[in-house]
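In: how would this look folded up:
(chains A and B)
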Amino acid sequence: MKWSKAFIPTIKEVPRDAEARSHIFLLKAGFIRQHQSGVYNILPLGWRSMLKIMQIIREEMNAIGGQELLMPALTSADLWRESGRWVDFGNEMFRLKDRKGKDQALAPTHEEIIADIARNEIRSYRDLPQIWYQIQTKFRDEPRPRFGLLRVREFIMKDSYSLDRDFEGLDVSYELHKKAYTKIFDRCGLKYTVVQASSGLMGGSQSEEFMVISDAGEDTLAICDKCGYSANTEVAEGKIPEESVPPAHTKREKVHTPGIKTVEEVSRFLGVTPKHLVKTLLFVVDDRMIAILIRGDYEVNEAKIMRKFGPSIRLATPDEVKERFGVSVGFLGPVKLDVDEIYADFSVKTLKYAVVGANEDDYHLVGVDIQSDVNIKEFGDFRIVKEGDLCPRCGNPLKVRSALEIGHIFKLGLKYSEALHAYYMDKDGKERPIVMGSYGIGVGRIMAAAAELYGDDNGLSWPINIAPYEVEILELNSPRTGEIAESIYKGLQESKVDVIWDDREASPGFKFKDADLVGIPVRIVVSDRKVKNGMVELQIRRDGTRKDLKIEDSISYVTDLVRRMKKENATG
RNA sequence: CGGGGCGUAGCGCAGCCCGGUUAGCGCGCCUGCCUUGGGAGCAGGAAGUCGGUGGUUCAAAUCCACUCGCCCCGACCA
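Out: Alright, predicted model coming up:
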């Protein structure tokens, strides 16, 4: 491609609405443009990059026996009603009606459609196992799209589904996917970790996420450097470090704490630490009200609570609390609290002199012995792991890091096959539900993750396997150097190198800046200065390496270099 | 959904408080000359429903009301 003919709208100013690094540079380098909140045009450079990502995905999915198909984005509500997700998806599902008034959904994922195909077509154990996948646009009406391509409402996803006779088969399909994903992300040049995750709305028994450590990520991971334990904090466990917190109040008494509500305020007011405090959170489950106690320096983990008490559990509103107990939420406490059940996180188990709300506005109790003063039904793990908690496996202090999710694999089990009645006949003539797995990769997120991960203040720096072009010829002194540039350009094209030639009539600085911004990994600078000595200059975007090449050697040298870099799956 | 911020030329912004000339600046764009190893220079030029609607006023980018859009923080943590 000649740059002069290409549509690469780079911009010099930092776009006002962009803050995340990937968002800023993908806009500046002309890869994407926003259409509306959470919806983007993918411009030619961006699409080239995404096509390469999709091609890698295809190759690796095919390698594990996956068969590509294409399912509709426009789906009937009937199927979603069968699984219950017409309700469960809530506002995240884009809904519309057709001209007859029939409910439709723009599919956020395709478990139901797969189960529908399977129940209509899969009859016998001989038809199994199957792995079906598609690369297709998904729609999710996210409450808050953000960070450019990182959280969007319309996005391209590779989603695959495994259908197996039994759970042993599912384990096999799952491991195949895990291996394929590892290869895919390796080839894309990303640094990532695999973590235990929560299966959330998907259901099922086990799930793992592929995560890129990045401040732009919206997930939080707990990581153990020593034994390799890593988990999303939605599910991560941790041991509480043992430390002696000297008791502040050894006598149980009621103290006046006018208007002092939050953990920080109470700690400061009473001269204690958050570790002396116990927070009392009230939750509504169906029509029961339960309390959960947790130490003041921890947060309650909603995902864990939902797993224990069911997805309908919700925090009681301050108004509900006020109405039922006549007390503001800041002064709730577990002593003589009239709720159906009281549960407590392990973090409060040993507290003998705790500070708690007095269930009376403007008063707290101090010196409370949690075990003997409170009627606790059960201790459990209800907290979000925090930095410094100890690894559940080896006891090493855990690190907590932000990360962004690029892939997620689930063992679904029978949820959808049972709900939609996708059954097959086994060897013994018995009907059995198909065992399902589902596996997703965000294509745009891979591109955005690479943009977050690699580059510098001047712009992007693509891993060569997902770069929109592999080589850029930067011709400085057009038209005098044009002939040399063109011969290298044609030579590289003939040896199947993906090359763009910046043949524009512009100043050198201008072209260098654009080149840095767009981040093509290999650059050949063709200038008067070098050409008169029979040379051109090779530059590597990632590390800034420069090297002179003889003109006549340049094509074979660069062809070779590109081949090598691709194989080494050289990153950025 | 709660809180905050922002909508003025293609992009980035000033002007708004304190209403009053033809609404400015930088970049970009077009024409010509010139220049070519890190976003060059000179000259000329085009380009604006001041997000929208309604109101106040002799007069509105500016004041008021409503509304739409975009970004950021948070989403019940007591």
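In: Tell me the backbone dihedrals of the residue lying closest to A:Leu96 once chain neighbours are set aside, please.
Out: Once flanking residues are discounted, A:Leu96 sits nearest to A:Gln104: 5.1 Å by C-beta to C-beta, 6 or more residues apart in numbering. For every residue, glycine as well, the C-beta is placed using N, CA and C. In terms of degrees, to the nearest 10, the main-chain angles of A:Gln104 are phi -130, psi 160.
In: Read off the pLDDT value for A:Gln104.
Out: On the pLDDT scale, A:Gln104 is placed at 96.
In: ditto for A:Thr571
Out: The model's pLDDT for A:Thr571 equals 51.
In: now the strands: where do they sit in the stretch 401-550 of chain A?
Out: Assigned by DSSP state E, counting those that start in this stretch, the strands in the stretch 401-550 of chain A fall at A:423-425, A:431-433, A:435-442, A:471-475, A:499-502, A:522-526, A:535-540, A:546-550.
In: and the next helix-or-strand element following the last one, how far from the chain's centre?
Out: Tracing the chain C-terminally past strand A:546-550 and defining elements by DSSP states H and E, one meets helix A:551-567 next. On the basis of C-alpha atoms, centre = their mean, to the nearest Å, the separation between the geometric centre of helix A:551-567 and that of its chain is 36 Å.
In: quick one: contacts of helix A:551-567?
Out: A:464-465, A:470-471, A:484, A:488, A:491-492, A:495, A:497, A:521-522, A:524, A:531, A:534-536, A:538, A:549 (C-beta atoms under 8 Å, 6 or more residues apart in numbering).
In: before we move on, back to that, run a quick neighbour tally on the residue nearest to A:Leu96.
Out: 16 (other C-beta atoms under 10 Å).
In: What separation is there between it and A:Arg85?
Out: Here the criterion is C-beta to C-beta, to the nearest Å. By it, A:Gln104 lies 14 Å from A:Arg85.
In: for A:Arg187, same thing?
Out: Remark: distance between A:Arg187 and A:Arg85 (C-beta to C-beta) = 33 Å.
In: And for A:Leu27?
Out: The value you get for A:Leu27 to A:Arg85, if C-beta to C-beta is used, is 34 Å.
In: How many neighbouring residues does the residue lying closest to A:Arg383 once chain neighbours are set aside have?
Out: Spatial nearest neighbour of A:Arg383, chain neighbours left out: A:Tyr298 (4.2 Å); criterion: C-beta to C-beta, 6+ apart. Per other C-beta under 10 Å, the neighbour tally for A:Tyr298 reads 22.
In: Who are the contact partners of A:Tyr298?
Out: A:345, A:347, A:383-384, A:386.
In: tally of neighbours for the residue lying closest to A:Ser495 once chain neighbours are set aside?
Out: Spatial nearest neighbour of A:Ser495, excluding adjacent residues (C-beta to C-beta, 6+ apart): A:Thr559 at 4.3 Å. By other C-beta under 10 Å, the residues close to A:Thr559 number 18.
In: about what we covered before: just the pLDDT for the residue nearest to A:Arg383.
Out: Model confidence at A:Tyr298 (pLDDT) stands at 92.
In: Check which residues of stretch A:555-566 are buried.
Out: Residues of stretch A:555-566 classed as buried: A:555, A:557-559, A:561-562, A:565-566 (neighbour count, 16 or more other C-beta atoms under 10 Å).
In: Would you quantify the distance from the closest residue to RNA strand B within chain A to A:Lys12?
Out: Going by C-beta to the nearest atom of the strand, RNA strand B is nearest to A:Gly509 of chain A, at 2.3 Å. Taking C-beta to C-beta as the measure, A:Gly509 falls 12 Å from A:Lys12.
In: for A:Arg295, same thing?
Out: 51 Å.
In: Between the two, point out the one with more neighbours.
Out: Remark: of A:Arg295 and A:Lys12, A:Arg295 carries more neighbours, 25 against 9, as counted by other C-beta under 10 Å.
In: coming back round to it: would you mind checking the contacts of helix A:551-567 for buried ones?
Out: For the contacts of helix A:551-567, a neighbour count by 16+ other C-beta under 10 Å gives the buried set as A:464-465, A:470-471, A:484, A:488, A:491-492, A:497, A:521-522, A:524, A:531, A:535-536, A:538, A:549.
In: near RNA strand B, which of those residues show up?
Out: Contacts with RNA strand B within the buried ones among the contacts of helix A:551-567, counted by C-beta under 7 Å from any atom of the strand: none were found.
In: Could I get the contacting residues of A:Ser402?
Out: Neighbours of A:Ser402 in contact, by C-beta under 8 Å, 6+ apart: A:213-221.
In: Produce a ChimeraX select command limited to the buried residues of these.
Out: Here is the ChimeraX command that selects the buried residues among the contacts of A:Ser402 (16+ other C-beta under 10 Å):
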select /A:213,214,216,217,219,220,221
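In: Throw the contacts of A:Ser402 into TSV and include pLDDT, distance to RNA strand B and secondary structure, thanks.
Out: Shown next, in TSV, are those (pLDDT from 0 to 100; distance: C-beta to the nearest atom of the strand, whole Å; DSSP: H, G, I helix; E, B strand; the rest coil):
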residue	pLDDT	distance to RNA strand B	secondary structure
A:Ile213	94	17	strand
A:Ser214	93	13	coil
A:Asp215	89	10	coil
A:Ala216	90	9	coil
A:Gly217	91	11	coil
A:Glu218	91	8	coil
A:Asp219	92	13	strand
A:Thr220	93	11	strand
A:Leu221	93	16	strand
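In: Correct me if wrong: the residue nearest to A:Leu96 contacts A:Met93.
Out: No: contact criterion C-beta atoms under 8 Å: A:Gln104 and A:Met93 do not qualify, at 10.3 Å.
In: Shouldn't the residue nearest to A:Arg383 be within a helix?
Out: No: the assignment for A:Tyr298, made by DSSP: H, G, I helix; E, B strand; the rest coil, is coil rather than a helix.
In: Just the pLDDT for A:Glu302.
Out: 87.
In: Number of residues surrounding it?
Out: Other residues close to A:Glu302 by other C-beta under 10 Å number 15.
In: if I look at it, how far off is A:Ala403?
Out: Applying C-beta to C-beta, the value for A:Glu302 to A:Ala403 is 19 Å.
In: Mean confidence (pLDDT) on stretch A:311-328, please.
Out: On average, stretch A:311-328 scores 84.
In: hmm, who's touching it?
Out: Identification of contacts with stretch A:311-328 by C-beta under 8 Å, 6+ apart yields A:88, A:261, A:281-286, A:289, A:305-306, A:329, A:332, A:337-338, A:357, A:359-361.
In: quick one on the thing from earlier: tell me which two of the contacts of A:Ser402 sit farthest apart.
Out: With distances taken as C-beta to C-beta, the most widely separated pair in the contacts of A:Ser402 is A:Ala216 and A:Leu221, at 13.8 Å.
In: what about A:Ala29, neighbour count?
Out: A:Ala29, neighbours per other C-beta under 10 Å, totals 25.
In: from what I can see it touches A:Leu45, true?
Out: Yes: using C-beta under 8 Å as the test, A:Ala29 is close enough to A:Leu45 to be in contact (6.8 Å).
In: What is the neighbour count of the residue lying closest to A:Tyr469 once chain neighbours are set aside?
Out: The shortest distance from A:Tyr469 to any non-neighbouring residue, by C-beta to C-beta, 6+ apart, is to A:Ile500 (4.3 Å). Neighbour count of A:Ile500, defined by other C-beta under 10 Å: 23.
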